[in-house]
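Q: Provided below for reference: sequence and predicted model.
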Amino acid sequence: MKRTITITLAALLTTISGWTAAQQLASLRGEEVVSEDKAPIEMSYQGKKPGLQKPIARTFKEQPPLIPHMITNFDEITLEENQCLSCHSVEKYKEKRAPKIGDSHLVNNVVSMARYQCNSCHVPQVDAKPLVDNGFVGNVRQAKR
């Protein structure tokens with residue numbers, strides 16, 4: 001095994017040392033690659049301050065509710081704090097006039113850690129043109145709650 005590796009390395013070094021300065025590696029695309037930046041532009045969220053927008057209609061029955069306000073000014077969700085719960089918890093939702101966290105997220109009236117990371121399912125929306133044509137029609141009649 002060592003002998004095979006030694007012979008392979010020797011052959012490779014002989015090949016590489018035989019190259020001249022004119023025989024440099026080149027890109028298959030040529031000298032210069034010109035392409036435009038296809039990164040999407042940053043969009044702003046539809047809603048601004050929490051509590052000023054109406055809920056966004058769901059397009060199918062089991063769809064997680066969408067966040068109708070921006071979330072950029074909220075702290076990240078950590079083990080110590082979840083700022084979403086300052087308005088949507090069982091204790092605060094009436095006082096803040098916000099939708100209550102779903103019962104499926106609670107175990108003994110306390111938020112389950114399996115459902116603690118809200119923005120895994122619940123996302124804010126931007127007013128953006130669709131990237132591709134889409135003919136999806138949701139089951140709106142069942143989605144109304």
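A: Structure received. Numbers count the residues shown, from 1 in each chain.
Q: for the protein, what spans make up the strands?
A: 106-107, 110-111 (DSSP state E).
Q: Give me the sheet partners of the last one and which way each runs.
A: Spelled out, it's strand 110-111. Its sheet considered, strand 110-111 pairs with strand 106-107 (antiparallel) by DSSP bridges.
Q: Contacts for the strand it pairs with next, please.
A: Defining contact as Cβ atoms under 8 Å, 6 or more residues apart in numbering, one finds that strand 106-107 is touched by 90, 112. Where you see a C-beta, it was placed from the backbone N, CA and C, and this is true even at glycine.
Q: Give me the distance from it to the chain's centre.
A: 26 Å (Cα atoms, centre = their mean, to the nearest Å).
Q: for stretch 63-82, same thing?
A: With Cα atoms, centre = their mean, you get 13 Å for stretch 63-82.
Q: do stretch 83-101 as well
A: 24 Å.
Q: if we can go back for a sec, who wins for proximity to residue 91 among the strands of the chain?
A: Among those, the nearest to residue 91 by Cβ to Cβ is strand 110-111 (10.5 Å).
Q: Check the strands of the chain for me: which has the lowest mean pLDDT.
A: Here the lowest mean pLDDT among these goes to strand 110-111, at a mean of 92.
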